[in-house]
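Asker: Output the structure for:
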Amino acid sequence: MEWLSDPNVWISFLTLTVLEVVLGIDNIVFISIQSAKLPLEQQKKARQLGLMLALVMRVGLLFSIKWVMGLTTPLVNFAELFNITNEKIVPYLVLSGRDLILFIGGLFLIYKSTTEIHHKVEGHIQVANSKSKPVTFTSVILQILILDLVFSLDSVITAVGMVDQIGVMIAAVIVAVVIMLLSAESISRFVNDYPSVKMLALAFLLLIGVSLTAEAFDQHIPKGYIYFAMAFSVLVEYLNIRSEKKALKQLEEQNKSK
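Answerer: Below is the predicted model of the structure:
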């Protein structure tokens, strides 16, 4: 227990907690968008259950570190399968278990984001003519569970690469998920109250999907660039919303004064 008095351990804990919260943003956005499809009385329960599943999955993966790290060993060699001998291409075609999970998860996220964007752009016209299947609580939780696995794997591998003590990893993950639980309600409300912000969130998830798919082939896109771009876009949209509200308020005051 001597490591508890080590300041470097506490610095690692705080750094990892912040990083886990940042890595969890895309998780919260996806959960918020998916839970919004449910009746109002089920939405909060879906968000909380989704984040609790994320916590269970992260802690479970941390206790299975040997298995998780084993996922980084080569599993599928597409170069041999398609008789590709180019030395520059071969390394990108040898996929591990982690790569396959990231690839499938990335494709799933791209598919979900694209269909949601299509629905937002075209769906309003087709609602009257189409009989869409009702969204069930179970189907939403299953979709959240699939993405929880992908995001959890990414999160745990990051944790393993930063900290040696499993206790510190678990503590950081728990604190991060508690912060996510506390902020999920306000983030969800903000995303779902403004259609333009929801479209930005879907574009963000699409970007994350592309990033995960590229990472499966060792093409690393620094997430800092993606998060900065999206944060800047959300800030601009927030200023736009404030500007519109102020303009509407001034218009109402002018109408009252007449």
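Asker: show me the contacts for residue 20.
Answerer: By CB atoms under 8 Å, 6 or more residues apart in numbering, the residues touching residue 20 are 155, 158, 159, 172, 173, 175, 176, 177. Every C-beta, even on glycine, is put in place using the N, C-alpha and C of the backbone.
Asker: Dump stretch 46-64 to CSV, keeping only the CA atoms.
Answerer: In CSV, the C-alpha atoms belonging to stretch 46-64 read as follows (Å, rounded to 0.1, in the frame of the first residue of the first chain):
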residue,chain,number,x,y,z
ALA,A,46,-31.7,3.9,-20.4
ARG,A,47,-28.9,6.5,-19.9
GLN,A,48,-28.1,5.3,-16.4
LEU,A,49,-28.2,1.6,-17.4
GLY,A,50,-26.0,2.3,-20.4
LEU,A,51,-23.4,4.0,-18.3
MET,A,52,-23.5,1.4,-15.6
LEU,A,53,-23.0,-1.3,-18.2
ALA,A,54,-20.0,0.8,-19.4
LEU,A,55,-18.6,0.8,-15.9
VAL,A,56,-19.1,-3.0,-15.4
MET,A,57,-17.5,-3.7,-18.8
ARG,A,58,-14.5,-1.4,-18.1
VAL,A,59,-13.8,-2.9,-14.7
GLY,A,60,-14.4,-6.5,-16.0
LEU,A,61,-11.8,-5.8,-18.8
LEU,A,62,-9.3,-4.4,-16.3
PHE,A,63,-9.5,-7.6,-14.3
SER,A,64,-8.9,-9.5,-17.6
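Asker: Confidence-wise, which of the contacts of residue 20 comes last?
Answerer: Across the contacts of residue 20, the smallest pLDDT goes to residue 158, namely 67.
Asker: give me the number of residues near the spatially closest residue to residue 35 that is not a sequence neighbour?
Answerer: Residue nearest to residue 35 in three dimensions, not counting chain neighbours: residue 46, with 4.0 Å by CB to CB, 6 or more residues apart in numbering. Residue 46: 22 surrounding residues under other CB atoms under 10 Å.
Asker: residues contacting residue 46?
Answerer: 31, 34, 35, 38, 137, 140, 141, 144.
Asker: go with 7 Å
Answerer: By CB atoms under 7 Å, 6 or more residues apart in numbering, the contact list for residue 46 reads 35, 38, 137, 140, 141.
Asker: which one among these gets closest to residue 51?
Answerer: Nearest to residue 51 among the contacts of residue 46, counting by CB to CB, is residue 35 at 10.4 Å.
Asker: who touches that closest one in this structure?
Answerer: If a contact means CB under 7 Å, 6+ apart, then residue 35 has 43, 46, 47, 140, 188 as its contacts.
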